[in-house]
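*Asks:* Sequence and predicted structure, then a few things I'm wondering about:
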Amino acid sequence: MPVYVRKNMVITPPSLSQFSDDEDDYLTDPDQVWDLLPQPFRMINKLIYFMLDDIWEVIADRESSRIAERAKVRPPQYECAIQLQIHGQATCMSDSRDGRFIFIGLPDGLAVIDAINQQPVASWEEDGAEIVEMQVCLIGVQTYLICTLDDMGLGRLFAYADGKIHLLKIMNEQESGNKLLASKCQVSSEGDYCGVALESPSTKECWLEVHRLPRDNWLRELEAIQSQAVKSQAKGPTPSVQMEEDGVVENAHLSEERPLSAQDDAEKEDKGDRQSTSGDRSKLLLCPPSSRHSVDRPRLSVSSSPGSPRVVASPGPGGGDKAAHKFSPPSMVLKVRPPPPLTACPANTPFLAAKTVDMGEVIGTGVNHSLTSQHLEHRKAVFEHLHEQYLKYLPKEQDSTFPQPTFHFLSAGRMLPNGLEQPSQEGRPSYVGVRWSGGTQLMYYSLLKTAKDFEHKPEVVCPYSDVITATGLSPCTSLLAVGLTNGIVIVWDMHIGMQRRVISLSDDAAISKLMFLNPTICPQDHDNYPPYGTKTSSYVLAWCSDGMVSLINCGMGNTTQPVIISPKITDENELLTLIEPLTGIPELILTARRNGTIFLVDVTKSHTLCQVVLPSTHELTTPWEPISAMGADGQMLFLKATQKNPNEDYIPDSGPSSIFVFQLRSFPSLDRYWRKEREEIPYITHSTMDKRIDALLKERIAQQALRQARMQKRWSNLKQELDTIQQIRDANRKRAGMRSEFEESTITRTTLLAK
């Protein structure tokens, strides 16, 4: 309803005596809308509230004292780190899903090392390509898709297969004079789609592009390249790669970790200085620093191993080296722009205004409305007049920057049904959920539309009561957690389209990060019947901006209070900067603080197990954003550290910064965790009608095996049952004969003589 304010009208403000306290203001406390209780109930209610407040203060004091006592007990410290002689200038690190390799971003390219023995496997180098972000996913048998983003805003896709790194595509390759910068580049878990957030400095625009990746075509093309390399080796292997740099031809020997063929075994027997990798990989073998390769090696655009064909490289328009192999290009399927700011409706008549408004069948983004410019101006004038004395406390408007998108790839479900009935889409993303920084809406777009226009409306819009600050998605994309500025966490079951939990963690802190932990650590309710799974429970780890870390049980119908892993932190040096779950032990998380200390914490018991200590000569590099990675299924921890004193080296000539490797398997505090057996449990149970019928049929078939034993037991008890029945019949006949003797015909009647 529009509000009209006359010109030159002065509204008399209320006196100070008429201002109400916050406790009595119904705008602050909606419970005060109700009428006050009569006496003496009002006094009893007030006393109960006071008593509850006092009890809560006692509970808070006891909790603080308990945490303080626990902090006095120092956990055991483990050092035993091994310093690598290579890749000391790492800018980021990531591990493969199977734990075999560690991918390292460098100021001039990309490198791959073996997670077990830390031997260099492959490298890709280009001047000025400083990799700052990296994501790795498994797309085939020992074939990995690497998504990188450098400091110049270029997003690249690589493939690592058979000891070689292949450049597949530059996502924002410059084709014209319009320069586009990528601020985020992310692929789906299986490598089916890639999302790139682009910015145009010239036009001051930003948007999100989603591309469908030809994963199957890339696998076939990589296999063809490998077949061609094997044929070249059969004709005549070349033991080194000739590189001409500054007019001097040098030989570069790059060791690789790959499956060994018979020919490779013969070559390795001839060269006694190389190690065989055909042994048991479960043994933690660490090579001494002297056996590692030096950092100073010839520059290669695509790494080559001894005996592999020479790769010819030519400079590409992206400023780097592009391999001669041509790979299938991705295809764009979606383009999403940020929602525009709220503007007035341009219509000047009610009829035109009604035409621009949506039908109201679904929740929209609020762009199409019937609010005129006069209405918005009057609302602003009334607000400024009524709250004139409080306007100075409002936060200042920040400079206009590009809004950053956060997106997740989701599979189809009942909430997002498009593609649910297609067998080809099972396990593949069908939607992408997008939220923009500073926004209160989470929008879901379909990836299966085949329209020529890539920009289309979202299928579902989910608005929230406050600004969204964090989102977390389970690996199966069935559970979605949303964190708000006001400290509220909402957990969605995307398969059935229902909320699992809505819980408030903090009143004065925003949610910074949300992550789902492995459901094997969460207690499950096992039902004897039906034979198929009905429900599962899992944990969500919530990290607040004030340093508090909580563990939320998001089981169906669960109302338990969250477990506080780390309380609210007031000291800035103690604030957490890194929280990562341990791959091999789902009960543990790796935490790093701003002061550079690193701990392993058991989330199920809220207990700090041990502290990972670097050598006394080094400290954690950029503790506000540590560079770390897990390898070998959580058995190896890789950390980048910097020398405290440049003149004092842990290992001579190791450089100002190095990568340290910790063997977590050797920590005594973790022995009982490694020995524990865990049963694989899904995050959510998808019990379709077909699965239920199959489970019931299997149970019925399994019961048929006991049919013969049941029949034999039945026949053995049949004679006893027949004897019992015969005894009952004889007893009944006897009772019937006794009743017949006292029938009316057999009873003699005597006349009563009157006296």
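*Replies:* It's in. Residues are numbered from 1 along each chain as shown.
*Asks:* What ranges does the stretch 551-700 of the chain have for its helices?
*Replies:* For the stretch 551-700 of the chain, the helices defined by DSSP state H, counting those that start in this stretch cover 671-675, 689-704.
*Asks:* Kindly reformat these as a markdown table containing mean pLDDT, distance to Asn645 and mean neighbour count.
*Replies:* Every residue, glycine included, has its C-beta placed from N, CA and C. Output for those, formatted as a markdown table (pLDDT from 0 to 100; distance: least, Cβ to Cβ, whole Å; neighbours: other Cβ atoms under 10 Å):
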| stretch | mean pLDDT | distance to Asn645 | mean neighbour count |
| --- | --- | --- | --- |
| helix 671-675 | 91 | 36 | 12 |
| helix 689-704 | 82 | 63 | 11 |
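*Asks:* Relative to Arg212, which of those helices is closest?
*Replies:* Shortest distance between Arg212 and the helices of the stretch 551-700 of the chain, using Cβ to Cβ, is found for helix 689-704: 28.8 Å.
*Asks:* just checking, what packs against the following helix or strand past that closest one?
*Replies:* The element immediately downstream of helix 689-704 (helix or strand, assigned by DSSP states H and E) is helix 707-740. Here helix 707-740 touches no other helix or strand, going by 3 or more Cβ pairs under 8 Å, 6 or more residues apart in numbering; DSSP states H and E.
*Asks:* quick one on the thing from earlier: dump the helices of the stretch 551-700 of the chain into JSON lines; add distance to Asn518 as well.
*Replies:* Shown next, in JSON lines, are these (distance: least, Cβ to Cβ, whole Å):
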{"stretch": "helix 671-675", "distance to Asn518": "13"}
{"stretch": "helix 689-704", "distance to Asn518": "23"}
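*Asks:* which stretch among those comes nearest His408?
*Replies:* The closest of those to His408 is helix 689-704. By Cβ to Cβ, the value is 25.8 Å.
*Asks:* hmm, who's touching that closest one?
*Replies:* Identification of contacts with helix 689-704 by Cβ atoms under 8 Å, 6 or more residues apart in numbering yields Pro530, Pro531, Tyr532.
*Asks:* go with 10 Å
*Replies:* By Cβ atoms under 10 Å, 6 or more residues apart in numbering, the surrounding residues in contact with helix 689-704 are Tyr529, Pro530, Pro531, Tyr532, Gly533, Thr534, Thr685, Ser687, Thr688, Arg710.
*Asks:* and the last one, what does it touch?
*Replies:* The contact partners of Arg710, taken as Cβ under 10 Å, 6+ apart, are Gln703.
*Asks:* Going by neighbour count, which residues in stretch 98-106 are buried?
*Replies:* Gly99, Arg100, Phe101, Ile102, Phe103, Ile104, Gly105, Leu106 (16 or more other Cβ atoms under 10 Å).
*Asks:* What strand or helix carries the fifth one?
*Replies:* When you say that, I think you mean Phe103. Assigning secondary structure by DSSP H and E places Phe103 in strand 101-106.
*Asks:* How far does that strand sit from its chain's centre?
*Replies:* Relative to its chain's centre, strand 101-106 lies at 21 Å (Cα atoms, centre = their mean, to the nearest Å).
*Asks:* now stretch 219-239
*Replies:* When C-alpha coordinates are averaged (Cα atoms, centre = their mean), stretch 219-239 and its chain have centres 38 Å apart.
*Asks:* Contacts only, for Arg678.
*Replies:* With contacts defined as Cβ under 10 Å, 6+ apart, Arg678 is in contact with Asn518, Thr520, Ile521, Gly584, Ile585, Pro586, Glu587.
*Asks:* just to revisit the earlier point, immediately after the strand holding Phe103, which helix or strand?
*Replies:* Once strand 101-106 ends, the next helix or strand along the chain (criterion: DSSP H and E) is strand 109-114.
*Asks:* Now do that next one, average pLDDT.
*Replies:* Computed over strand 109-114, the mean pLDDT rounds to 94.
*Asks:* For the remainder of this discussion, apply numbering that starts at 262.
*Replies:* Understood, numbering begins at 262; the last thing we discussed is strand 370-375.
*Asks:* So in that sheet, which strands flank that strand, and in what orientation?
*Replies:* Based on DSSP bridges, the pairing partners of strand 370-375 within the sheet are strand 362-367 (antiparallel), strand 381-386 (antiparallel).
*Asks:* Which SSE is immediately downstream of the last one?
*Replies:* What it means is strand 381-386. For strand 381-386, the following helix or strand on the C-terminal side (DSSP H and E) is strand 392-401.
*Asks:* Let's test this: mean pLDDT of that next one, rounded?
*Replies:* The pLDDT scores in strand 392-401 average 93.
*Asks:* got the CA coordinates for the helix or strand that it is followed by in PDB?
*Replies:* Next helix or strand after strand 392-401 toward the C-terminus (DSSP H and E): strand 404-411. Taking C-alpha atoms only, strand 404-411 is exported to PDB below (Å, rounded to 0.1, in the frame of the first residue of the first chain):
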ATOM      1  CA  THR A 404      43.100 -40.300 -15.500                       C
ATOM      2  CA  TYR A 405      42.600 -37.000 -13.700                       C
ATOM      3  CA  LEU A 406      41.000 -33.700 -14.700                       C
ATOM      4  CA  ILE A 407      42.800 -30.700 -13.300                       C
ATOM      5  CA  CYS A 408      41.000 -27.300 -13.100                       C
ATOM      6  CA  THR A 409      43.300 -24.400 -12.400                       C
ATOM      7  CA  LEU A 410      43.100 -20.600 -12.000                       C
ATOM      8  CA  ASP A 411      46.200 -18.400 -12.200                       C
END
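*Asks:* Give the buried residues for strand 404-411.
*Replies:* Thr404, Tyr405, Leu406, Ile407, Cys408, Thr409, Leu410, Asp411.
*Asks:* wait, which of those residues is closest to Asn978?
*Replies:* Thr404 (63.5 Å).
*Asks:* The closest residue to that closest one other than its chain neighbours: what's it in contact with?
*Replies:* Among residues not flanking Thr404 along the chain, Ala422 sits closest, at 4.3 Å (Cβ to Cβ, 6 or more residues apart in numbering). Contact partners of Ala422, counting by Cβ under 10 Å, 6+ apart, are 383, 400-406, 479-480, 483-484, 486-487, 519.
*Asks:* Neighbour-wise, which one of these leads?
*Replies:* The most crowded member of these, judged by other Cβ atoms under 10 Å, is Ala383 (27 neighbours).
*Asks:* ok, back up a step: can I get the strands paired with strand 370-375 in JSON lines with distance to Arg331?
*Replies:* JSON lines is the format used below for the strands paired with strand 370-375 (distance: least, Cβ to Cβ, whole Å):
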{"stretch": "strand 362-367", "distance to Arg331": "34"}
{"stretch": "strand 381-386", "distance to Arg331": "43"}
